[in-house]
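In: Pasting the sequence and the predicted coordinates here, then a few questions.
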Amino acid sequence: MNIVCPACQAINRVPDERLAQEPKCGKCGSPLLQGKPLELNGASFPRFVAKNDLPVVVDFWAPWCGPCKMMGPVFAQVASELKTRFIFVKVNTEVEQGVAQQFGIRSIPTLAIFKNGSEVNRVAGAMDASGLKNWLLSQKID
């Protein structure tokens, strides 16, 4: 399984059975599965969503959005709980307007799941932790 390092963007090959063993980047030594959402920008977004073999869950948000602020801790909690099944990232639509426009983000928060660079599903609106986990775990992602 290929995992993109959140620190240096190097692509690391990690055997599936080692995902739960806190794998580290072979180039920079940073943890690959940090269990917390990573903030992506327009430059890092394409490589990160295209080159990770784990599904990437993207939270499109903005700092002025009340529901986004409520969703932030929930997103972080679920990222910690599901860190070996999904990679969680955040995109600030206020700063990264080009990324938001590219994916037609019309309301926030919007959560989208990407697999091998392609969007496989999305949902708009804030959720609680159990709702978010249920939504993610119900996805048929091949």
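Out: Perfect, thanks for sending it.
In: Tell me where the protein is predicted with low confidence.
Out: 142 (pLDDT under 70).
In: Which helix in it has the most residues?
Out: helix 66-81 (DSSP state H).
In: residues in contact with it?
Out: Helix 66-81 is contacted from outside by 35-37, 57, 59, 61-63, 86, 88, 90, 108-109, 125-129, 132-133, 136, using Cβ atoms under 8 Å, 6 or more residues apart in numbering. All C-beta atoms are positioned from the backbone trio N, CA, C, and that covers glycine.
In: Pull out the buried residues from it.
Out: When neighbours are counted by 16 or more other Cβ atoms under 10 Å, the buried residues of helix 66-81 are found to be 68, 71-72, 74-76, 78-79.
In: any idea which helix or strand comes after the strand or helix carrying Val91?
Out: Assigned by DSSP states H and E, Val91 falls within strand 87-92. Using DSSP H and E, the next helix or strand after strand 87-92 towards the C-terminus is helix 97-102.
In: Can you show me the CA trace of that next one as CSV?
Out: Only the C-alpha atoms of helix 97-102 are listed here, as CSV (Å, rounded to 0.1, in the frame of the first residue of the first chain):
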residue,chain,number,x,y,z
GLN,A,97,-10.6,28.9,-3.5
GLY,A,98,-9.2,27.2,-6.6
VAL,A,99,-9.4,23.7,-5.0
ALA,A,100,-13.0,24.5,-3.8
GLN,A,101,-14.0,25.7,-7.2
GLN,A,102,-12.4,22.7,-9.0
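In: And for Ser107, the neighbour number?
Out: Ser107 is flanked by 10 other residues according to other Cβ atoms under 10 Å.
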